[in-house]
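Asker: Okay, here's the prediction I keep looking at, along with the sequence it came from:
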Amino acid sequence: MSIVVQVPQDDPEASLGTAEGPRAKTLSFFDLSMTVEQGKDQKPKPLLNNVWGSVEASSLTCIMGPSGAGKSSLLNVIAGRMQSTKTLKIDGTILVGGAKIDPVEFKRNIAYVMQDDAISPTSTVREALTFSASLRLGGGKSKDEIAEIVNKMIADLGLQSCADTFVGGELIKGISGGERKRTSIGVELITDPSLVFLDEPTSGLDSYSAYKIVELLKALSHQGRCTIMCTIHQPSSEIFLLFDNCIMLKSGFVSYGGPVSGMADKFSACGFPVPPNTNLADHAMWITQMESVNTLKDKGLIMACPEKAPSNPETLTDSSERTATTWTQFKWLLWREGQATKRDKAALIGRFGITIFLNTLFGIIFKGAGSKDDTVGSNFGDHFGAMTMVFISSMFGAAQPTLLAFPAQRPIFLREYSTGTYSIMPYVLSKIMFELPMALAQNVVQWAVVYNLIEFRANFILITLTSFALGVTSASVAALLGSAVADIKTATELLPLVLVPQLLFAGFFIRTDSIPEFIRWAQHLCSLKYAMNIAILVEFDDDMCDESDGNLALCRGMREANGVETNLVGFYIGVLVALFVAFRVGGALLLMSKAKTVF
Ligand SMILES: Nc1ncnc2c1ncn2[C@@H]1O[C@H](COP(=O)(O)OP(=O)(O)OP(=O)(O)O)[C@@H](O)[C@H]1O
């Protein structure tokens, strides 16, 4: 790909630093093309065809066109968020001001606001902005300076009345859609970018909120803070006339590129006058949609780029380091994770409520199953069944909350990671730092409920720690699964696929030496098997069993059938730790690869 993005040559540092005041830059692009390979015997499909456009600094531009015309593709290519790949070829020249830059390096000066507002639902507006400012403006700013920047941003965005309200989401009540969009804009604008791109900023908003958002974008651009470009669907007249420029696309061709004020005349001159009392945007959309590319070419609406790209522009990179240290990232992520855990009361109550309810039920059903007192009438089958049920519930109890939370957190991670807000290590560590104590607390509650009711024989601490190890390893499996899929529904459907096979390989229903040899290896991926091996040793060891009622022989038989050996406890613990780490690393790698292809 030979895309170049340029910044002014006269004062490059001023244009790249954290300058206060006007930073907006002109933006022009020439002959942008994008084609996608379609398979061996098919011709590559063109998605963008010699697209061109030029917008002045501090202006507000919309990209319009029928569905599938290439609006998002164009926005993503200009924003440097789409690069050439094996199957996707991108070509063309993009100029910012006048000097060439590396689009990846220049990313810090470009803000991109996604269509879906991916902001932590348990943060307040002020906290979301402070989080972004603290991590993206570098370590050089004091707390007071950050607070001042955030307060100014809140005022600029008109968010004073909801500054300390939760952003909210599906499960937590929060600010309105328009306020959430403003917050998303603020989170990106806080880095003082030269160029701001927004994908459908008005989608899902009522007409008044949509108007207020575009009005805000106009004010921000006209203040000289940045040059703004966004895609938009069917704007009302009032909204459309707020834009300075419009780029209209038809099947990847430019059918209009210029000021909104000159659009009606251009359409008239090409034989498509705007009927009286008609919204110009609707008229332009209608014509673009109705007429074929050839007709629009013949009529002079679709035309080649009127200018040539300058040859050999100078290259400039933005080497300014604005990312906070890993330690700062970790502290902020930990803080946000703590707030999320504390504030999502429904999730907390659900998690511990279900644990208490299920384990009370186990306690009632298996009451005294582990008792050594012959008069209670316990037997080996009930005793082992009780242990199995408690362990299975520990496995699902830890995996479920992680899995349910993950798809909601995933888009937030993808946005923040791809904008360089933090790196993967502090993110994963901050998650684990909260998951471990939560899982421990859940297991302590679980065993506190069942231990005496069922009269388990193992040491309370040992058995609790074993089920805790199982819980956190299962949560890692859930994190891996959550990293792979985008929505809660798919994740929930896939959970049994990952956890139920564990039951088959754990040795409860079938001896592991009876499993067909070609698939027996899979037992080594099962955390439940290793946790049960340890549990068998601490609960069903020789000195825990009673020779007189035949339990000793049953215990020994079970240990033998499942290959459980007393001297391998260290190995079983090691395998659990290794599985925990492997699933976590796998999940992190998957997330990182998703972040690269998110746009
Ligand atoms: N990476 C890709 N590989 C293959 N086809 C793609 C790719 N990206 C986009 N397309 C196709 O290119 C066309 C333009 O897509 P794009 O999302 O840019 O259109 P759009 O105008 O933003 O549409 P909408 O308004 O429906 O969001 C569509 O037909 C889309 O399916």
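Answerer: Done, it's in.
Asker: residues from the stretch 1-150 of the chain in reach of the ligand?
Answerer: 36, 47, 65, 67-73, 88 (C-beta under 6 Å from any ligand atom). Where C-beta positions appear, they are placed from N, C-alpha and C, glycine not excepted.
Asker: Filter the residues you listed down to just the ones in strands.
Answerer: If you go by DSSP state E, these have 36, 47, 88 in strands.
Asker: per the record, what domains does this structure have?
Answerer: 5-304, 344-596 (automatic domain parsing).
Asker: Out of these, flag the one nearest residue 323.
Answerer: When the domains of the chain are compared by C-beta to C-beta, domain 344-596 sits nearest residue 323, at 5.7 Å.
Asker: and that closest one, how far apart are its ends?
Answerer: Distance across domain 344-596, first residue to last, is 30 Å (C-alpha to C-alpha, to the nearest Å).
Asker: what's the spacing between that domain and its chain's center?
Answerer: 26 Å (C-alpha atoms, centre = their mean, to the nearest Å).
Asker: now that domain: mean pLDDT?
Answerer: The average pLDDT within domain 344-596 is 86.
Asker: burial measure for residue 261, as a count.
Answerer: 12 (other C-beta atoms under 10 Å).
Asker: That one looks like it's in a helix, true?
Answerer: Yes: read with DSSP: H, G, I helix; E, B strand; the rest coil, residue 261 is one of the residues of a helix.
Asker: For residue 498, see how far away residue 481 is.
Answerer: Separation of residue 481 from residue 498 (C-beta to C-beta, to the nearest Å) stands at 6 Å.
Asker: Between these two, which has more neighbouring residues?
Answerer: Taking neighbours as other C-beta under 10 Å, residue 481 and residue 498 compare with residue 481 leading, 25 against 17.
Asker: Which residue ranges of the stretch 201-350 of the chain form strands?
Answerer: For the stretch 201-350 of the chain, the strands defined by DSSP state E, counting those that start in this stretch cover 227-231, 245-250, 253-259, 315-316.
Asker: follow-up on the earlier one: can I get the ones in strands among the residues of the stretch 1-150 of the chain next to the ligand in JSON lines including neighbour count and pLDDT?
Answerer: Shown next, in JSON lines, are these (neighbours: other C-beta atoms under 10 Å; pLDDT from 0 to 100):
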{"residue": "36", "neighbour count": "14", "pLDDT": "90"}
{"residue": "47", "neighbour count": "21", "pLDDT": "92"}
{"residue": "88", "neighbour count": "16", "pLDDT": "85"}
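Asker: For these, please prepare CSV with the additional fields distance to residue 382.
Answerer: What follows is these, written out as CSV (distance: C-beta to C-beta, whole Å):
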residue, distance to residue 382
36, 62
47, 65
88, 61
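Asker: so where's the longest helix in the protein?
Answerer: In the chain, with assignment by DSSP state H, the single longest helix is helix 380-418.
Asker: Adding distance to residue 323 as columns, could you present the domains of the chain in CSV?
Answerer: Output for the domains of the chain, formatted as CSV (distance: least, C-beta to C-beta, whole Å):
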stretch, distance to residue 323
domain 5-304, 7
domain 344-596, 6
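Asker: show me the contacts for residue 401.
Answerer: Going by C-beta atoms under 8 Å, 6 or more residues apart in numbering, residue 401 touches 347, 350-351, 475.
Asker: and the gap between it and the ligand?
Answerer: 34 Å (C-beta to the nearest ligand atom, to the nearest Å).
Asker: and if you look at residue 474?
Answerer: Taking C-beta to the nearest ligand atom, one finds residue 474 at 35 Å from the ligand.
Asker: these two touch, right, residue 513 and residue 563?
Answerer: Yes: contact status for residue 513 versus residue 563: in contact at 7.1 Å, counting by C-beta atoms under 8 Å.
Asker: Common neighbours of the two, please.
Answerer: Among the neighbours of residue 513, none is also in contact with residue 563 (C-beta under 8 Å, 6+ apart).
Asker: would you list every one of the strands in the stretch 351-500 of the chain?
Answerer: Counting by DSSP E, counting those that start in this stretch, the stretch 351-500 of the chain contains no strands.
Asker: Around the ligand, pick out the residues from the chain.
Answerer: For the chain, the contact set with the ligand under C-beta under 6 Å from any ligand atom comprises 36, 47, 65, 67-73, 88.
Asker: Make JSON lines out of the strands of the stretch 201-350 of the chain and add mean neighbour count, mean pLDDT and distance to residue 26.
Answerer: Output for these, formatted as JSON lines (neighbours: other C-beta atoms under 10 Å; pLDDT from 0 to 100; distance: least, C-beta to C-beta, whole Å):
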{"stretch": "strand 227-231", "mean neighbour count": "26", "mean pLDDT": "95", "distance to residue 26": "7"}
{"stretch": "strand 245-250", "mean neighbour count": "25", "mean pLDDT": "96", "distance to residue 26": "12"}
{"stretch": "strand 253-259", "mean neighbour count": "23", "mean pLDDT": "94", "distance to residue 26": "14"}
{"stretch": "strand 315-316", "mean neighbour count": "18", "mean pLDDT": "62", "distance to residue 26": "15"}
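Asker: Would you mind measuring from the closest residue to residue 443 other than its chain neighbours to the ligand?
Answerer: Leaving aside its sequence neighbours, residue 443 sits nearest to residue 468 (C-beta to C-beta, 6 or more residues apart in numbering; 4.3 Å). Distance of residue 468 to the ligand, computed by C-beta to the nearest ligand atom: 44 Å.
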